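Asker: return a 3D structure for these sequence lines:
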Amino acid sequence: MLVAGFPAGAWGTNCYLVAPAAGEECVIIDPGHRAAPGVTETVARHRLKPVAVVLTHGHVDHVASVVPVCGAHGVPAWIHPRDRYMLSDPEKALGARIGEPLMGELTVGEPDDLRELSDGAELALAGLTLTVAHAPGHTRGSVTFGMPEQPDVPPLLFSGDLLFAGSIGRTDLPGGDHAEILRSLARVCLPLDDATVVLSGHGPQTTIGRERASNPFLRPLAAGDGAADVAAPRQGM
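Answerer: This next block holds a predicted model:
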C-alpha cells in the first residue's frame with residue numbers, strides 16, 4: 001500500500017494519492033488550492049497512473065484543482081450531490097467573497113466527468129475499495145472514505161474535515177451544523193477500531209483510539225456524555 005500526502009495551498013490542505021504500490025494506478029483525494037504541481041510531482045516520483053479523483057467535500061480549499069487535475073489525466077471525479085454546487089460557486093459556500101486575487105487563481109466549474117457519491121457506496125478504483133460514509137456537519141455533503149485493514153496495513157479513514165488530530169471541522173460556514181457534526185462523529189467514527197489511522201484534511205495523522213481518548217469533541221461522545229451537545233472547544237478548519 002502506498003499513501004503519499006502533501007499539504008497544498010493557502011490553507012495547507014492535505015492532498016493524498018493512494019495506490020496498491022509504487023508503479024500502479026492511484027486515486028487522488030482532495031486536490032485543493034495549488035495542489036496540481038504536487039500531484040504532478042508525486043505521480044512522477046512514484047510512477048503512478050491516476051484513475052480517479054474523490055472529494056471529501058466541496059469547500060474551495062479541497063476542490064480548487066479538481067478541474068486541471070482531472071483534465072491533465074483524463075479521469076472522473078466524485079463528490080456528494082449536496083456539495084456539488086460549490087464547484088461552480090465556491091464563494092457561496094463560504095458566506096462571503098474570498099478575494100479577487102485568490103479567486104483569479106482558481107479554475108471554477110465542474111470537470112468533464114463528474115459523478116455523485118452516496119452513503120454506503122463502495123468505490124472499486126485502482127485495485128482499492130473505498131467505502132463512502134456521508135458525514136454532514138462541516139458541510140451538508142461531507143463524506144469520509146474508509147479502507148479496510150490489509151496485510152501489514154491498518155484500516156484507514158480519510159476523514160476530510162470531519163475529524164482532525166485534537167479537533168473537528170468548523171461548523172460556522174453556510175451548511176455547517178454543530179449538532180449534526182457531533183452525530184456524524186458518533187455514527188461514523190466511534191464504531192471504528194482504535195487502530196484505524198485517520199488521515200485528515202488538515203494537520204497530522206492520528207488514530208481513532210487516540211482521538212477517542214483525548215479529543216475534546218469525541219471523548220464526551222465516546223463516554224455517552226450529553227454535555228457534548230453544548231461543548232465548544234476550539235474547532236479546526
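
Asker: any idea which helix or strand of this structure has the worst average confidence?
Answerer: For the chain, the helix or strand with the lowest mean confidence is helix 100-103, at a mean of 46 (criterion: mean pLDDT, DSSP states H and E).

Asker: and after it, which helix or strand comes next?
Answerer: Secondary structure here is assigned by DSSP states H and E; on that basis, the next helix or strand after helix 100-103 toward the C-terminus is strand 114-116.

Asker: show me what counts as buried in whatever helix or strand comes next after that following strand.
Answerer: Read in the C-terminal direction, the helix or strand following strand 114-116 is strand 122-125, with elements assigned using DSSP H and E. Across strand 122-125, burial judged by 16 or more other Cβ atoms under 10 Å covers 123, 125. Every residue, glycine included, has its C-beta placed from N, CA and C.

Asker: how near is residue 8 to residue 115?
Answerer: In this structure, residue 8 and residue 115 are 23 Å apart, going by Cβ to Cβ, to the nearest Å.

Asker: more crowded one of those two?
Answerer: A count of neighbours by other Cβ atoms under 10 Å puts residue 8 above the other of residue 8 and residue 115, at 24 against 13.

Asker: so that one sits against residue 35, correct?
Answerer: Yes. With the criterion set as Cβ atoms under 8 Å, residue 8 and residue 35 qualify as a contacting pair; they are 3.9 Å apart.

Asker: okay, and the common contacts of these two?
Answerer: Common neighbours of residue 8 and residue 35 are listed as 15, 65 (criterion: Cβ atoms under 8 Å, 6 or more residues apart in numbering).

Asker: low-confidence regions, the chain specifically.
Answerer: Scanning the chain for pLDDT under 70 picks out the ranges 92-108, 225-237.

Asker: what about residue 30, how many residues nearby?
Answerer: Using other Cβ under 10 Å: residue 30 sits among 28 other residues.

Asker: for it, what are its contacts?
Answerer: Going by Cβ under 8 Å, 6+ apart, the list of residues near residue 30 reads 13, 14, 15, 16, 54, 55, 56, 62, 63, 160, 201.

Asker: what is the first one paired to in the beta sheet?
Answerer: What it means is residue 13. When assigned by DSSP bridges, residue 13 has beta-bridge partners residue 8.

Asker: likewise the fifth one?
Answerer: Judged by DSSP bridges, the bridge partners of residue 54 are residue 29, residue 78.

Asker: ok, now which ones touch it?
Answerer: In this structure, residue 54 makes contact with 27, 28, 29, 30, 77, 78, 117, 123, 125, 130, 145, judged by Cβ under 8 Å, 6+ apart.

Asker: how far away is it from residue 213?
Answerer: Taking Cβ to Cβ as the criterion, residue 54 is separated from residue 213 by 29 Å.

Asker: now do residue 12
Answerer: Distance of residue 12 to residue 213, computed by Cβ to Cβ: 26 Å.

Asker: look at those two and report which has more neighbours.
Answerer: residue 12 (15 against 12).

Asker: which residue ends up closest to the midpoint of this protein in space?
Answerer: If you average the C-alpha coordinates of the chain and look for the closest C-alpha using Cα atoms, centre = their mean, you land on residue 160, 2.6 Å from that point.

Asker: pretty sure that one sits against residue 200.
Answerer: Yes. With contact defined as Cβ under 8 Å, residue 160 and residue 200 form a contacting pair (7.4 Å).

Asker: phi, psi for residue 190 please.
Answerer: Note on residue 190: its backbone torsions stand at phi -60, psi -30 [degrees, to the nearest 10].

Asker: so who does it touch?
Answerer: With contact taken as Cβ under 8 Å, 6+ apart, residue 190 is in contact with 212, 218, 221, 222.
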